[in-house]
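Enquirer: have a look; sequence and predicted model below, questions after that.
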Amino acid sequence: MGGRIGTPKTVAGRVTLAAVSTGFALLFLYPFAWLLAASFKPRGEVFDNRLIPQTFVPENYAEVWNQLPLLSWMFNSVAIALLAATAVSISSSIVAFGFAYFSFPGRKLLFGLVLETMMLPGAVTMIPVYLIWKETGLLGTWVPLWGANLFGSAFYIFLQRQFFLGLPRELFEAARIDGASYWGLFWRIAMPLSVPSFVIVFLFEFQASWNNLQAALIYLNAGTVDEFTAPLGIAYAMTKYSPTAGGQGDYQYVMVASLIVTLPMLILFAFGQRYFIEGVATQGRKG
Amino acid sequence: MGFLVFTVGAMIYSLYISFSSYNLATNSARPIGFDNYARLFEDPRVAVSLANTLFYAVMAVPLEIAFALVLALLLSRMGRGAGIFRTLYYLPKMTPAVATAAVFFLLLNGNSGAINEGLAAIGIQGPQWLVDPDWVKPSIVIMALWTVSGTMVIFLAALKNVPVELYEVASLDGAGPVRKFFSITLPMISGAMFFNVIVLSIAAFQVFDQAYLLFWRDQSNSSPEASLFYAIYLFQQAFRQFNFGFAAAMAWLLFVIIMIVTVIQVKFGNRFVYYEGDR
């Protein structure tokens, strides 16, 4: 049984609580407000820290598409994120179902190993994975940015397994008696019932892929600018306009691009907030 | 299980590479024994980047824990309205690291950035955040704190599971808020605390995105050495210099360090973590 500590009993306590929480909220929101304002400013005023632009330049939003191949970046990122999220959520579910439904010798040990790999720094497998993609001749394509997801991912396997374990076993046994195959159990019973955790996995991976700078640096940096993903594109834009690298300091375009790249995540959050929060809270419960 | 075959296979391959000199043109690895590992101790930049990373972790993790806990405590005491604040606090976590870096790149500008202007308003002369070697790591910490809401959500979930009766009994016994926090709240959420410390530490050892975007984007030599984190140097060795063998050895050293730190934390944590019943 759980309970809440409860709201403050005195008026002064409530006012303090409201004031402090609002203060923090303003701190968290300030960079967004600053970003939004800066995206509407002319070059000379980007640094003036006004939250309402002195000179209002909505043309930045039209010009940015000429300045940077933002549309290609967004398209590449969306496509890769969809592939990555679809691949990992299906493959992790299959592995998780294996761990949840079947008992086989060494299952505990194997599952322990899967969890252990969560501690493994990405750096350890980064080089061999690169060499594998090089061997297969797929360097320069999108495949290295999502292909490994076909093998599942430790945290997602854990998440889905927890969910499958919560399903009543009688459901599966009844279906077995009715002659369903193991695939049938997985696709017809386990998957439809685990939609919530499936959505969590999908959204998490979509976000992770959307943010993935390092993989894009490894696999796409050698290509043309059009082939970049959104994070790699922003990094490129930061350098392009940087005065130390010969740019003119047109940071308003970086701001517009950053905002546009952030927007899909905010939309995702608007619709999937409870999945994100639930997913993070679940992470904490495995400890 | 394909997953394990893939990961374990890659690990073994990585170990093999770390003991060899890899020639990218011919795709061949020539075994050279422990040479790469010996180089770890000879290359001064390995030591520098490791020290930078440790320093960063020691500064970032406690601050992140404290800040996230304060936020979670605030939210847990709010009745209605907690949902809205949770959403607002969570927004930075949804912002791609590149966008965070791009905005803070300008906010942290030493001369005209908003943060220094804010500090000046209360009479503090702000530092040259992104230039002064002493302030490079605090800059990254600020960004980490801005996106701390994942940790906050985990604390919040734990706080909600603290039985309210405990506080009532404590009140009857005359315990004040401070006493209640240390005697009830902290022990009851120690599991979440333990988890957060481990996860944040592992993440701090691998800090890459922000530092890369702010300091190592272009190959200019002006970047302060104070911003050379381990993951950055590893990445440079692997994919700029293509010293695959050396980079793989660096990766294994990182893995060993993370394992050691985690084992110490687990040993230490087990003495303090309170596990409720058969959870």
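Expert: Good, I have the coordinates.
Enquirer: what helix or strand is A:Y61 on?
Expert: Taking DSSP states H and E as the criterion, A:Y61 maps to helix A:60-67.
Enquirer: for that helix, output the C-alpha coordinates as CSV.
Expert: Output in CSV follows, covering the C-alpha atoms of helix A:60-67 (Å, rounded to 0.1, in the frame of the first residue of the first chain):
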residue,chain,number,x,y,z
ASN,A,60,14.4,33.1,-40.7
TYR,A,61,12.0,30.3,-40.9
ALA,A,62,11.7,30.6,-44.7
GLU,A,63,15.4,31.2,-45.2
VAL,A,64,16.7,28.3,-43.1
TRP,A,65,15.5,25.8,-45.7
ASN,A,66,17.7,27.5,-48.3
GLN,A,67,20.6,27.8,-45.9
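Enquirer: packing partners for it?
Expert: Counting contacts by 3 or more C-beta pairs under 8 Å, 6 or more residues apart in numbering or on different chains; DSSP states H and E, helix A:60-67 packs against helix A:251-285. No exception for glycine: its C-beta is placed from N, CA and C like everyone else's.
Enquirer: just the angle for the helix or strand following the helix holding A:Y61 relative to helix A:60-67, thanks.
Expert: Scanning forward in sequence from helix A:60-67 by DSSP H and E, the next helix or strand is helix A:70-101. Put simply, helix A:70-101 runs at 90 degrees to helix A:60-67, going by axes from the mean of the first three to the mean of the last three C-alpha atoms, to 10 degrees.
Enquirer: quick one: the helix holding A:Y61 to helix A:251-285, angle?
Expert: Helix A:60-67 and helix A:251-285 are oriented at 90 degrees to each other (the same axes, to 10 degrees).
Enquirer: how about whichever strand or helix holds A:L17: buried residues?
Expert: Using DSSP H and E, A:L17 maps to helix A:11-38. Across helix A:11-38, burial judged by 16 or more other C-beta atoms under 10 Å in any protein chain shown covers A:L17, A:S21, A:F24, A:A25, A:F28, A:Y30, A:P31, A:F32, A:W34, A:L35, A:A37, A:A38.
Enquirer: so what does it touch, helix or strand wise?
Expert: Helix A:11-38 is packed against helix A:251-285, helix B:44-77, helix B:82-94, helix B:97-107, with contacts defined by 3+ C-beta pairs under 8 Å, 6+ apart.
Enquirer: again, only this time at 6 Å
Expert: helix A:251-285, helix B:82-94 (3 or more C-beta pairs under 6 Å, 6 or more residues apart in numbering or on different chains; DSSP states H and E).
Enquirer: B:D218 is nearest to which of these?
Expert: Nearest of those to B:D218, taken as C-beta to C-beta: helix A:251-285 at 14.3 Å.
Enquirer: do the closest one and chain B come into contact?
Expert: Yes. Legend: contact between helix A:251-285 and chain B by C-beta under 6 Å from any C-beta of the partner chain is shown at A:V254, A:S258, A:V261, A:T262, A:M265, A:L266, A:F269, A:I277, A:V280, A:A281, A:G284.
Enquirer: my guess is the fifth one contacts B:P92, does it?
Expert: No. Under the criterion of C-beta atoms under 6 Å, A:M265 is not in contact with B:P92, lying 10.7 Å apart.
Enquirer: rewinding a little: and the angle for the helix holding A:Y61 with helix A:11-38?
Expert: Computed by the same axes, to 10 degrees, the angle separating helix A:60-67 from helix A:11-38 equals 50 degrees.
Enquirer: what does helix A:60-67 rub up against?
Expert: Residues from elsewhere that reach helix A:60-67, judged by C-beta atoms under 6 Å, 6 or more residues apart in numbering or on different chains: A:Q252, A:Y253, A:V256, A:A257.
Enquirer: distance check, the first one against B:W129.
Expert: I take that to be A:Q252. As judged by C-beta to C-beta, to the nearest Å, A:Q252 and B:W129 stand 21 Å apart.
Enquirer: repeat that for the second one.
Expert: Here the criterion is C-beta to C-beta. By it, A:Y253 lies 23 Å from B:W129.
Enquirer: poorly predicted segments of the chain, please.
Expert: No chain was given, so I picked chain A. By pLDDT under 70, the low-scoring segments of chain A are A:1-6, A:246, A:286-287.
Enquirer: switch to chain B, please.
Expert: Counting by pLDDT under 70, chain B contains low-confidence ranges at B:1-3, B:219-222, B:274-279.
Enquirer: center of it - which residue?
Expert: The centre of chain B sits closest to B:A204, judged by C-alpha atoms, centre = their mean, with a distance of 2.5 Å.
Enquirer: for that one, give me its contacts.
Expert: B:A57, B:A60, B:V61.
Enquirer: need the next SSE after the helix or strand where it lies, C-terminal direction.
Expert: Per DSSP H and E: B:A204 is located in helix B:190-205. Counting by DSSP H and E, the next helix or strand C-terminal to helix B:190-205 is helix B:209-211.
Enquirer: what parts of the stretch 151-279 of chain B come near chain A?
Expert: Counting by C-beta under 6 Å from any C-beta, the stretch 151-279 of chain B sits next to chain A at B:153-154, B:157, B:160-161, B:163-164, B:191-192, B:194-195, B:206, B:209, B:213, B:217-218, B:234, B:238-239, B:244, B:248, B:251, B:254-255.
Enquirer: ok, which stretches of the stretch 151-279 of chain B are helices?
Expert: Remark: helices assigned in the stretch 151-279 of chain B by DSSP state H, counting those that start in this stretch are B:164-172, B:177-180, B:186-188, B:190-205, B:209-211, B:230-239, B:244-270.
Enquirer: any idea which of the ones you listed gets closest to A:I218?
Expert: Closest approach to A:I218 among the helices of the stretch 151-279 of chain B is made by helix B:230-239 (5.5 Å; C-beta to C-beta).
Enquirer: the closest one vs helix B:190-205, what angle?
Expert: Angle, helix B:230-239 to helix B:190-205, by the same axes, to 10 degrees: 40 degrees.
Enquirer: show residues contacting helix B:230-239.
Expert: A:123, A:127, A:218, B:45, B:49-50, B:53, B:206, B:208, B:211-212, B:216, B:243, B:246-247, B:250.
Enquirer: now stretch A:232-246
Expert: Contacts for stretch A:232-246 (C-beta under 6 Å, 6+ apart): A:68, A:73, A:216, A:220, A:247, A:249-251, A:254, A:257-258, B:98, B:102, B:213, B:217-218.
Enquirer: which of those residues are buried?
Expert: A:68, A:73, A:216, A:220, A:247, A:250-251, A:254, A:257-258, B:98, B:102, B:213, B:217-218.
Enquirer: mind listing what residue 158 touches?
Expert: All of this refers to chain A. By C-beta under 6 Å, 6+ apart, the contact list for A:F158 is empty.
Enquirer: meant chain B actually
Expert: By C-beta under 6 Å, 6+ apart, the residues touching B:A158 are B:I189, B:A192.
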